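Undergrad: sequence plus the predicted model coming up.
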Amino acid sequence: MPSPGPAPETPETPAASWTDGLRFAFGTLTVFPVTVRRWDRGAARTGMSIAPVAGLAVGVLAAGTGLLLLVLGAGPLLAAVASAAVPAVLTRGLHLDGLADTADGLGSGKPAEDALRVMKQSDIGPFGVITLLFVLLAQVAALAQAYGDSWSRGVLAAVVSATVGRLALTLAARAGVPAARPEGLGAAVAGAVPMRAAILTALVVTVAAAGAGALLGTYGVLGSVLAVVLGCAAAEGLLRHCARRFGGVTGDVFGALEETAVTVALVAFCLFA
């Protein structure tokens with residue numbers, strides 16, 4: 001798991017290699033056993049720019065688990081539950097925890113400083129519980145529908161949505177988005193990704209999703225592209241609201257953005273693919 005966060009960027013901070021960036025992305029966003037050698041802003045910039053690669057890996061494992069259960073004779077619902085559970089396991093529930101904390105902070109109706117204090121508490125409030133319940137239900141329902149249609153649709157839905165979830169983090173870490181606190185993971189990566197790099201990553205993910213969707217035909221392309229666009233649009237709306245409400249982003253907000261993007265991407269895929 002990540003250290004307290006990268007050191008502040010200085011003019012002398014060297015650019016990170018792709019290897020360092022991948023180590024940062026996987027070390028920060030997953031529980032994969034990687035050795036992270038750099039925690040500075042250079043590594044944060046490269047790592048968050050290629051965060052969708054970590055999402056792709058998580059999505060492939062989630063889809064593989066669901067597919068394995070189908071092969072063994074399980075139904076679409078059980079495969080869907082497994083595909084939703086694997087990402088939670090591979091992140092130790094980090095993003096789901098962030099979603100719940102953000103929901104509690106937004107639902108508290110308190111000023112920014114007090115809301116941030118609510119989000120830092122270890123317990124979970126009613127807004128967090130309700131949000132987790134409906135988000136997980138939506139994810140499982142969408143995956144069950146996709147697996148019920150065909151194994152290939154279920155696999156593609158799991159992979160694309162997980163990748164979109166991490167793309168939302170790349171976009172949220174773009175230059176110009178402030179941190180709500182001076183410490184923590186949010187402060188470590190906030191504003192680290194240049195706008196051009198964020199846009200390039202979004203384009204690459206969209207094209208890749210369209211290419212994968214082509215395996216299902218024209219509607220597969222449409223559904224995959226809309227999953228990327230609508231998932232990121234929903235996350236962007238939440239990001240702007242949180243930035244106004246809290247004065248910036250936090251690690252919890254990043255988790256909420258990821259889960260929001262995943263859920264909307266799954267729903268969009270089922271509706272249009």
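TA: Received it, and whenever you're ready, just let me know what you need. Numbering: from 1, shown residues only.
Undergrad: pretty sure residue 155 sits in a strand.
TA: No - counting by DSSP: H, G, I helix; E, B strand; the rest coil, one finds residue 155 to be helix, located in no strand.
Undergrad: the nearest residue to it once chain neighbours are set aside: what secondary structure?
TA: Ranked by Cβ to Cβ, 6 or more residues apart in numbering and with sequence neighbours excluded, the top spatial neighbour of residue 155 is residue 63, at 4.2 Å. (Each C-beta comes from the backbone N, C-alpha and C, glycine too.) Following three-state DSSP, the label given to residue 63 is helix.
Undergrad: what distance do you get for residue 63 to residue 159?
TA: Between residue 63 and residue 159 the computed distance is 5 Å (Cβ to Cβ, to the nearest Å).
Undergrad: how about residue 58?
TA: Counting by Cβ to Cβ, the gap from residue 58 to residue 159 is 9 Å.
Undergrad: check residue 233 too.
TA: In terms of Cβ to Cβ, residue 233 sits 20 Å off from residue 159.
Undergrad: do you have the helices of the protein handy? List them.
TA: Assigned by DSSP state H, the chain shows helices spanning 18-29, 41-49, 51-71, 76-90, 94-107, 112-120, 126-149, 151-172, 185-189, 195-213, 218-246, 251-272.
Undergrad: using CSV, write out every CA atom in the last one.
TA: Think helix 251-272. Taking Å, rounded to 0.1, in the frame of the first residue of the first chain, the C-alpha atoms of helix 251-272 are listed here in CSV:
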residue,chain,number,x,y,z
GLY,A,251,-8.1,10.3,-1.5
ASP,A,252,-11.7,9.5,-0.6
VAL,A,253,-13.0,11.6,-3.4
PHE,A,254,-10.7,9.7,-5.8
GLY,A,255,-12.3,6.4,-4.6
ALA,A,256,-15.8,7.8,-5.1
LEU,A,257,-14.9,8.9,-8.6
GLU,A,258,-13.6,5.5,-9.5
GLU,A,259,-16.7,3.7,-8.3
THR,A,260,-19.0,6.2,-9.9
ALA,A,261,-17.3,5.8,-13.3
VAL,A,262,-17.3,2.0,-13.0
THR,A,263,-21.0,1.9,-12.2
VAL,A,264,-22.1,4.3,-14.9
ALA,A,265,-19.9,2.6,-17.5
LEU,A,266,-21.5,-0.8,-16.7
VAL,A,267,-25.0,0.6,-16.9
ALA,A,268,-24.2,2.4,-20.2
PHE,A,269,-22.7,-0.8,-21.7
CYS,A,270,-25.7,-2.8,-20.8
LEU,A,271,-28.1,-0.2,-22.3
PHE,A,272,-26.3,0.4,-25.5
